[in-house]
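everything below, folded, please.
(2 chains)
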Protein chains: 2
Amino acid sequence: MKLITKPQILASLDTERALSAIEEGFIAYSAGNVQVPPVQAFTFAETNGDCCIKSAYKVGSPTFTVKVSTGFYDNPSNGLPSNDGLMMVFSAHTGQPLALLQDQGWLTAMRTALAGRIAARLLAPSQVKAIGILGTGMQASMQLEQLRSVTDCRQVIVWGRHAEGLGAYVTMARDLGFTVRSTHDAAELAGLANLIVSATPSREPLLQAHWIQPGTHITAVGADGPGKQELDPGLVARADRLVVDSITQCAQYGEVSHAIGKGLVTANQLVELGALLASRAHGRESDDQITLADLTGVAVQDAQIADCVLAAIGA
Amino acid sequence: MKLITKPQILASLDTERALSAIEEGFIAYSAGNVQVPPVQAFTFAETNGDCCIKSAYKVGSPTFTVKVSTGFYDNPSNGLPSNDGLMMVFSAHTGQPLALLQDQGWLTAMRTALAGRIAARLLAPSQVKAIGILGTGMQASMQLEQLRSVTDCRQVIVWGRHAEGLGAYVTMARDLGFTVRSTHDAAELAGLANLIVSATPSREPLLQAHWIQPGTHITAVGADGPGKQELDPGLVARADRLVVDSITQCAQYGEVSHAIGKGLVTANQLVELGALLASRAHGRESDDQITLADLTGVAVQDAQIADCVLAAIGA
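Predicted coordinates:
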């Protein structure tokens, strides 16, 4: 079993290859060619933590992948990052463990950011006035970084609860070449930005339906487990196109689950990202549509990005 | 993250401590004090393999455990063992990975054998005439090894399909101090033994109801996933006591699931091992009862045995 450290992973991953691999993964998943057992989830109430275990086997692949990712939201007060995790790759021919990727959650963050990039490419309006980012963590940074190849817009407005997080985000975004505005008011963000990414561990809606302008695309990546929510269910209902990474998962605990629970939308309104990619259609049908991509994170993304690392390292 | 090899695990595990820990684990599980997400299962049709991922967090424990175990049944023809796997232990305080136990499936085999020992202690008849073992693999050996502390009987009859496997088993059992008889006829085994363990990857019944004598206890450990079956559903229905490790799992894919599916038994006839242990009652109520322990393997066993290894190693 090969042990692969985070520095090795950072040094070897080819982002563009990973993007293609993840697209392939979504297509295979939506075509029913990936075994994805139900996500395992833990909640650690006493330590404000959660953990999920996601596993996938793309039928015909020589490998399958098991991924453990954790979020312990009090960690920063002890000098530790909130997120951690690892991936394991096994042989689909013999069952033997082949590699342990000690990525500390970085590959999960990257495959999520790449899914956001794919969604924005398919759904962003043709003229992006400003990018809006909710959240100031690692995922909020990586989403912005990946959006640079989707749009020429270099205006960003970032929303956060805490001045310290906002300050660090502003510095990071300036270093990426953006003109940056920060706010504690999500309504202000919604009034300025028409390509919005929400990347927070929120458990209550941050964006209200009536704040959103026509012609806006929103990618929500925070609702990766039961109880999490970033969008008003009325906003989900108001969207003209509802794209999800997994109908099964999103109907269970994604943003759309809350709207389905209230009877505002039905599962048959949902289009999977893999189906959209396979159709080679642009997801947005007109410039004034409101579009939503609800991304809960599918294990096939983990399997695909892990394979990219192994291929690059020659494992 | 500490890497712990199989030789270190073999050298450090205290079987009696592990037995107690697993008993505690079963009790906590049946009392509802363990988070056990649904088992993830893969089937690799092309390579005759399967994999399951079992995870558990005993509430209040400083750790939680994720276990991957594989069975690739054509491996022996390539000189590899059928079973492989590993366990990972994480901090329930920070989410950080603490240890990787590279046990190659041995801890899974041991915790399964220890569960068999617990079941036999609670359910075996007072006079064991002969032990009957179906199967000749590692699990079949470990079950016999563990039964030595439950009964003074040193007569064993082993059933297998292949002469080679039977031959090796006979040698192993003699080395353990048993008088051994081998057979290709499971009916013969049922006629001689009144403490029977079935430990095969069978997908069809091996033991028929009318073969079994009154006063027999049977522990079935093979049906650890969908499609597997060792006992005739009529035998399950004939049992006077139905003890299971997990009502949820056994009703889904254990031996009892087939009998439930046929309407021969109902889930409310099932008693969990943890509930039986908590009650401090002997499971067998009379010497002529037929008793059955249906063991699918519960993740809390993995968490408990992994903790024993870490404690012994000082990790």
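
every contact and neighbour count from this point should use C-alpha atoms.
OK.

element containing the most far-flung residue of chain A relative to its centre, please.
Distance from the C-alpha centroid of chain A, by C-alpha atoms, centre = their mean, peaks at residue A:94 (32.0 Å). Take DSSP states H and E as the rule and residue A:94 turns out to sit in neither a helix nor a strand.

got the contact list for it?
Neighbouring residues of residue A:94 by C-alpha atoms under 8 Å, 6 or more residues apart in numbering or on different chains: B:47, B:49, B:72, B:75.

out of the residues you listed, which touch chain A?
B:47, B:49, B:72, B:75 (C-alpha under 8 Å from any C-alpha of the partner chain).

my guess is the last one contacts residue B:82, does it?
Yes: using C-alpha atoms under 8 Å, residue B:75 is in contact with residue B:82, at 5.2 Å.

so the two - more neighbours on which side?
A direct count of neighbours by other C-alpha atoms under 10 Å in any protein chain shown for residue B:75 and residue B:82 places residue B:82 higher, at 21 against 18.

now do the same for residue A:226: its pLDDT.
Per-residue pLDDT puts residue A:226 at 83.

excluding its backbone neighbours, what's nearest it?
residue A:253 (5.0 Å; C-alpha to C-alpha, 6 or more residues apart in numbering or on different chains).

what is the neighbour count of that neighbour?
The burial count for residue A:253: 18, using other C-alpha under 10 Å.

quick one, strands of the stretch 51-200 of chain A?
In the stretch 51-200 of chain A, the segments counted as strands under DSSP state E, counting those that start in this stretch are A:63-72, A:83-91, A:97-102, A:131-134, A:155-159, A:179-183, A:195-198.

partner strands of whichever helix or strand comes after the last one and their direction?
Tracing the chain C-terminally past strand A:195-198 and defining elements by DSSP H and E, one meets strand A:203-207 next. Strand A:203-207 has the following strand partners under DSSP bridges: strand A:229-231 (parallel).

same for the helix or strand following the partner strand, what does it pack against?
For strand A:229-231, the following helix or strand on the C-terminal side (DSSP H and E) is helix A:233-238. Secondary-structure packing of helix A:233-238 (3 or more C-alpha pairs under 8 Å, 6 or more residues apart in numbering or on different chains; DSSP states H and E): helix A:255-261.

may I have the helix it packs on as PDB, with CA atoms only?
In PDB, the C-alpha atoms belonging to helix A:255-261 read as follows (Å, rounded to 0.1, in the frame of the first residue of the first chain):
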ATOM      1  CA  GLU A 255     -30.800  22.600  -0.800                       C
ATOM      2  CA  VAL A 256     -33.500  21.100  -3.000                       C
ATOM      3  CA  SER A 257     -34.500  18.700  -0.200                       C
ATOM      4  CA  HIS A 258     -36.000  21.600   1.900                       C
ATOM      5  CA  ALA A 259     -38.000  22.800  -1.100                       C
ATOM      6  CA  ILE A 260     -39.200  19.300  -1.900                       C
ATOM      7  CA  GLY A 261     -40.100  18.900   1.800                       C
END
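
per the record, what domains does chain A have?
Here the domain assignment for chain A is A:2-107+A:300-313, A:125-297, based on automatic domain parsing.

partner residues bridging residue A:101?
Judged by DSSP bridges, the bridge partners of residue A:101 are residue A:4, residue A:87.

separation between it and residue A:148?
Separation of residue A:101 from residue A:148 (C-alpha to C-alpha, to the nearest Å): 28 Å.

who has more neighbours, these two?
Each of residue A:101 and residue A:148 has its neighbours counted (other C-alpha under 10 Å); residue A:101 has more, 24 against 15.

so the residue nearest to residue A:226 sits against residue A:221, correct?
No: look at residue A:253 against residue A:221 with C-alpha under 8 Å: they stay out of range, at 11.7 Å.

what ranges do the helices span in chain A?
In chain A, the helices defined using DSSP state H lie at A:6-12, A:15-30, A:106-123, A:138-147, A:163-175, A:186-192, A:233-238, A:247-253, A:255-261, A:273-279, A:299-313.

still on that earlier bit, distance of the residue nearest to residue A:226 relative to residue B:189?
As judged by C-alpha to C-alpha, residue A:253 and residue B:189 stand 51 Å apart.

go on, residue A:83?
Between residue A:83 and residue B:189 the distance is 54 Å, computed by C-alpha to C-alpha.

again with residue A:280
As judged by C-alpha to C-alpha, residue A:280 and residue B:189 stand 62 Å apart.

who has more neighbours, those two?
residue B:189 (26 against 10).

which ones are touching that one?
B:132, B:157-159, B:183.

equivalent analysis for residue A:157, please.
So residue A:157 contacts A:130-133, A:180-183, A:189, A:192-193 (C-alpha under 8 Å, 6+ apart).

nearest to residue A:3 among those residues?
The closest of the contacts of residue A:157 to residue A:3 turns out to be residue A:133 (C-alpha to C-alpha; 35.0 Å).

residue ranges with poor pLDDT in the stretch 51-200 of chain A?
Residue ranges of the stretch 51-200 of chain A with pLDDT under 70: none are present.

return the residues of it in contact with chain B.
Going by C-alpha under 8 Å from any C-alpha, the residues of the stretch 51-200 of chain A near chain B are A:51, A:55, A:57, A:70-72, A:75, A:83-85, A:92-97.

and the residues you listed, which two are furthest apart?
Distance extremes for these: the farthest pair is A:75 and A:93 at 39.0 Å, using C-alpha to C-alpha.

how close does residue A:308 sit to residue B:143?
From residue A:308 to residue B:143 the distance is 42 Å (C-alpha to C-alpha).

residue A:216 now?
63 Å.

would you mark the buried spots in stretch A:62-79?
A:63-75 (16 or more other C-alpha atoms under 10 Å in any protein chain shown).

and those residues, which two are furthest apart?
Most distant of the buried residues of stretch A:62-79, by C-alpha to C-alpha, are A:63 and A:74, 35.1 Å apart.

need phi/psi at residue A:202.
Main-chain torsions, residue A:202, degrees, to the nearest 10: phi -60, psi 150.

correct me, but it touches residue A:231?
No: Residue A:202 lies out of contact with residue A:231 (C-alpha under 8 Å); the separation is 9.4 Å.

and the two? which has more neighbours close in?
Neighbour count, other C-alpha under 10 Å: between residue A:202 and residue A:231, residue A:231 has more, with 26 against 16.

would you check how far apart the closest residue to the more buried one other than its chain neighbours and chain B are?
Among residues not flanking residue A:231 along the chain, residue A:205 sits closest, at 4.4 Å (C-alpha to C-alpha, 6+ apart). To chain B, residue A:205 is 26 Å away according to C-alpha to the nearest C-alpha, to the nearest Å.

ditto for residue A:23
Counting by C-alpha to the nearest C-alpha, the separation of residue A:23 from chain B is 23 Å.

before we move on, what about residue A:313?
Residue A:313 sits 21 Å away from chain B, going by C-alpha to the nearest C-alpha.

next up, the contacts around the closest residue to that residue other than its chain neighbours.
Spatial nearest neighbour of residue A:313, chain neighbours left out: residue A:12 (6.6 Å); criterion: C-alpha to C-alpha, 6+ apart. Taking C-alpha under 8 Å, 6+ apart, we find residue A:12 in contact with A:309, A:312-313.
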